[in-house]
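K.L.:
Here is my input, please return the structure:
(one chain, ligands or ions: 1)
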Amino acid sequence: VIDLKTILKEQIPIRKNEIQKIKKNYGNKKIDEITINSLLGGMRGNRSMFWRSTSLDPNLGIKFHGLTIEDCQKNLPKLPNTYGQDEKIFLPETMLWLLITGEVPTVEQAMILKVELAKRGRKLPDYVDKVMSTLPKDLHPMTQFAIGIATLNKDSQFRENYEKGSIGKADYWESTYEDTLNLIALLPQLAGKVYSNSYNNGQPLGQFNENEDWSYNICSLLGMTNTSDSMNIQNFDDKKSQDFVNLMRLYTGIHVDHEGGNVSAHATHLVGSALSDAYLSYSSGIMGLAGPLHGLAAQEVVRFLIAMNSNISSPNDKKSIKDYLWSLLNSHKVIPGYGHAVLRQTDPRWTAMVDFAKRHPEEFENDKNVMLMQNLVNIAPGVLKEHGKTANPYPNVDAASGILFYHYGVRELLFFTVIFGCSRALGPLSQLVWDRGLGLPIERPKSLDLKSLKEYCD
Ligand code: AMX
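P.N.:
Residues are numbered from 1 along each chain as shown. Purely as a prediction, here's the structure:
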């Protein structure tokens, strides 16, 4: 079978049956315990959510249906006739197939999905364009993005069918799938619209090319390729244009999902559990991603690297770097880009981003910020260990991602999170299709008021 929807149609009853059996036979089996610390500590580490596709291993990092990032780089197919294709970098389209089906696609399957997304993404509906054009240019890019996504719910097939009463519960997944694909397909257009609204007086910087892939179109709509689709605002030559598109593919391929409990994924899942459609659900995810403790970390790292560089004589000056880090810690500040709530090793997404820089030495050799980013990994973990508080002294993905985009000219730091938001759609929305397919219920944990909480304190 080569069509994603047909595969889903086959898989859903099988998996639904499996889940029903698990519920029937093991429904009362205990998985975890809730303590007062977890209740008051953001439910940290509580095993209380079902998330089908990804799971975070504290040492190996994120796994996509059991595959690490390195496995994905090896196994996800590279597609022929893809603009500037880097042999090591997979397209997010291939990852979307893996997320939804649990299987690595064939080249043919991935090609069909790529073409289908490009078809669905060719034009932003006029009413969305109009709504977004009226937004103040200085409205936060993530607010604009969330508004654009939520506005698309006018076209939601799920919402329309539900209102008409024309579908039963067993069919909910099908229109959710249609909404999901349509939304993902339109994200390059929405991101381009936000970028031109915020930074180019609303004037388009590029156009959508139906023959190209999803990440290429994000770049062309930002005006950042040297092809005829784009204004080429950075004056890229062929190589730089292709490298930037490959960086975008890499970034948007590895940020798709980080299991279910992170704020953007959880918010999408929670809102979706009320049978809100894919557009409303994911606009909530975007609102969560806009928070400084979640999606905004990459910009913090960029600011930190630039500030450090202006305070030290050279990015190779180990002693000054060490002193700078200690001055931060001694004034009770964190070292941005280091540490993680769950991971206990270097984030493999960081490794993948740094590997990109290492494979393009001529591009980055004079970039002081990228140099500093690379040198820090040999210094910061030692300092953090000596400091003695941080559970994980190693770099997370944000330590590398923002500064690479910055290098290519994305200097509008608030916009990084919009690119993150394009990528993160793929995981939580694949889950939403399965939430409907498996008929998962509305989420409704029990909360305790202070009086009830105190009753546990005797
Ligand atoms: N620099 C200095 N101190 C740090 C630190 C860092 N990079 N990381 C953790 N610590 C401190 C914590 O502030 C905490 O101190 P406290 O006891 O005085 O409150 C102590 O070490 C223990 O924290 P932890 O269990 O190791 O981490 P956590 O789960 O509470 O927090 C995180 C995780 C990411 C918020 C934290 O490591 C941090 O603030 N890192 C820097 C900011 C950053 O890189 N954020 C991006 C995270 C990636 C992402 O999710 N996008």
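K.L.:
Could you use CA atoms for every contact and neighbour count after this?
P.N.:
OK.
K.L.:
dump the residue contacts of Val302.
P.N.:
402-403, 406 (Cα atoms under 8 Å, 6 or more residues apart in numbering).
K.L.:
Give me the phi and psi angles of it.
P.N.:
With angles defined as degrees, to the nearest 10, Val302 sits at phi -60, psi -50.
K.L.:
do the same with Phe64
P.N.:
Dihedral pair for Phe64: phi -100, psi 110, per degrees, to the nearest 10.
K.L.:
Check what pLDDT it gets.
P.N.:
On pLDDT, Phe64 comes in at 98.
K.L.:
And the helices in the stretch 351-458 of the chain, which stretches?
P.N.:
In the stretch 351-458 of the chain, the helices defined using DSSP state H, counting those that start in this stretch lie at 361-364, 368-376, 380-387, 398-408, 416-424, 426-437, 450-455.
K.L.:
Point out the most buried one among these.
P.N.:
For the helices of the stretch 351-458 of the chain, average neighbour numbers computed from mean count of other Cα atoms under 10 Å are highest in helix 426-437, which has a mean of 26.
K.L.:
Packing partners of that one?
P.N.:
For helix 426-437, the contact count by 3 or more Cα pairs under 8 Å, 6 or more residues apart in numbering; DSSP states H and E identifies helix 4-26, helix 92-101, helix 172-199, helix 263-273, helix 278-289 as packing neighbours.
K.L.:
about what we covered before: from the contacts of Val302, which single one is nearest the ligand?
P.N.:
Of all these, Gly402 has the smallest distance to the ligand: 11.4 Å, by Cα to the nearest ligand atom.
K.L.:
Give the residue spans of the protein that score low on pLDDT.
P.N.:
Low-confidence segments of the chain (pLDDT under 70): none present.
K.L.:
ok, back up a step: looking at the helices of the stretch 351-458 of the chain, which is nearest to Asp323?
P.N.:
helix 380-387 (9.6 Å; Cα to Cα).
K.L.:
Do any residues in the closest one lie close to the ligand?
P.N.:
No. Judged by Cα under 6 Å from any ligand atom, helix 380-387 stays clear of the ligand, getting no closer than 6.7 Å.
K.L.:
and for that helix, what are the contacting residues?
P.N.:
322, 325-326, 329, 390, 393-395.
K.L.:
Write the PyMOL selection for whichever of the residues you listed are buried.
P.N.:
Buried subset of the contacts of helix 380-387, written as a PyMOL selection, criterion 16 or more other Cα atoms under 10 Å:
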select buried, resi 325+326+390+393+394+395
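K.L.:
Output the helices of the stretch 351-458 of the chain as TSV; include the columns distance to Ala185.
P.N.:
Below are the helices of the stretch 351-458 of the chain laid out as TSV (distance: least, Cα to Cα, whole Å):
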stretch	distance to Ala185
helix 361-364	31
helix 368-376	32
helix 380-387	40
helix 398-408	22
helix 416-424	10
helix 426-437	10
helix 450-455	46
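K.L.:
returning to what we had before: let me know which of the helices and strands packed on helix 426-437 is the nearest to Asn375.
P.N.:
Nearest to Asn375, of these and by Cα to Cα, is helix 278-289 at 28.7 Å.
K.L.:
Okay, buried residues for stretch 324-340 please.
P.N.:
324-326, 335-340.
K.L.:
How far does stretch 437-450 sit from its chain's centre?
P.N.:
Averaging C-alpha positions (Cα atoms, centre = their mean, to the nearest Å) puts stretch 437-450 25 Å from its chain's average.
K.L.:
could you dump that stretch to CSV, C-alpha only?
P.N.:
The C-alpha coordinates for stretch 437-450 follow below in CSV (Å, rounded to 0.1, in the frame of the first residue of the first chain):
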residue,chain,number,x,y,z
GLY,A,437,-8.7,6.7,15.8
LEU,A,438,-8.4,5.1,19.2
GLY,A,439,-11.4,7.0,20.6
LEU,A,440,-9.4,8.3,23.6
PRO,A,441,-11.6,10.2,26.1
ILE,A,442,-11.6,13.8,27.2
GLU,A,443,-8.8,14.5,29.7
ARG,A,444,-10.0,15.4,33.1
PRO,A,445,-7.6,14.8,36.0
LYS,A,446,-8.9,15.4,39.5
SER,A,447,-7.5,18.5,41.2
LEU,A,448,-7.3,19.0,45.0
ASP,A,449,-8.1,22.2,46.8
LEU,A,450,-5.9,23.3,49.7
